[in-house]
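Visitor: attaching a predicted model along with its sequence, questions to come.
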Amino acid sequence: MNPVVIGNATLYHGDCRTLLPEIQGIDALVVDPPYGIGYCHSGHAGKGLTKARTRFNKLNNGYVLGDDQPFDPRHLLDVAPKIILWGANHYADKLPPSARWLIWDKVCSVGSYGKWTFADVEMAWSNLKGTARLYPHLWNGCRRAGEENSFLVQRCHPTQKPVAVMSWCIQLCDLPPNSLVVDPYMGSGTTGIASLRMGHRFIGMELDPAHFETAVGRIEAEHDRLNGAGSQLLLVA
Ligand SMILES: C[S@@+](CC[C@H](N)C(=O)[O-])C[C@H]1O[C@@H](n2cnc3c(N)ncnc32)[C@H](O)[C@@H]1O
């Protein structure tokens, strides 16, 4: 299948279990796979602003492909020298021990931790050297920090990550410029946006056609912005 090439990004619509073994020279694998938790968004998309700012329910009923079965990360473990795997607390039994787990704290307000059905934090396993690290970034219903602020943009994937969190991951990989970052489960392309912004090449793969289309649109917009073709405005609240 021919990929979509957008500047330094190459995007494949297809199954990464077939596509990934064909890719050579990967410097870092920064991955947000289906966690295997049978995730399906409620379909109600919250109320008020959260509902108004959620587009993905109209695409595929909020289902994440592959999430209905336990995730097995073993096909990812030998393909790059640096690897970060989000959601790894759900499949930690299939991973080697690591001292450098990464924690994204969604910064629930004081007194709110433990009160919501969604997780207060997300966890990533990594094979990086060093001790565990924490990154605080508000992401609580319609309350979202930075460029994904609900007042400014729509959320476009049921398990979308903030660009800031994926940028933090790439920064921790400590890569020389123009390195090759790969996310074989790219969803709406968040890791791709972070990679281009940080001066790296990116290869992304996505099985769901609706999410693939979203990723192409978002990465095209980022490429245009970085190259001066689109609006220079990056909205950060
Ligand atoms: C957790 S989501 C990624 C969300 C992404 N981080 C974002 O910010 O939008 C995982 C994605 O993997 C995709 N997926 C599931 N199985 C796949 C496979 N075998 N190959 C490629 N993509 C797959 C799903 O469709 C889903 O969009």
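Guide: Everything's here; your move. Residues are numbered from 1 along each chain as shown.

Visitor: CA atoms for contacts and neighbours, from now on please.
Guide: Noted.

Visitor: is N140 in a bridge, and if so with what?
Guide: Beta-bridge partners for N140, by DSSP bridges, are R143.

Visitor: quick check: residues of this protein near the ligand?
Guide: Counting by CA under 6 Å from any ligand atom, the chain comes close to the ligand at 14-17, 32-34, 64-66, 157, 159-161, 184-190, 205-208, 211.

Visitor: same thing but 5 Å
Guide: Listed as neighbours of the ligand in the chain under the rule CA under 5 Å from any ligand atom: 15-16, 32-34, 65-66, 160-161, 185, 187-188, 190, 206-208.

Visitor: max-length helix in the protein?
Guide: helix 209-226 (DSSP state H).

Visitor: mind listing what's buried in it?
Guide: For helix 209-226, the neighbour count (16 or more other CA atoms under 10 Å) marks 211-212, 214-216, 218-225 as buried.

Visitor: what's the ChimeraX syntax to select whichever of the residues of the chain next to the ligand are buried?
Guide: Paste this into ChimeraX to select the buried members of the residues of the chain next to the ligand, with burial taken from 16+ other CA under 10 Å:
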select :16,32,33,34,65,66,161,185,187,188,190,206,207,208
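
Visitor: from the residues of the chain next to the ligand, which has minimum pLDDT?
Guide: Minimum pLDDT across the residues of the chain next to the ligand is recorded for G66, with 83.

Visitor: from memory that one sits against P34, does it?
Guide: Yes: using CA atoms under 8 Å, G66 is in contact with P34, at 6.0 Å.

Visitor: if we can go back for a sec, which of the residues of the chain next to the ligand lies closest to L138?
Guide: Relative to L138, the closest of the residues of the chain next to the ligand is K161; by CA to CA it sits at 11.3 Å.
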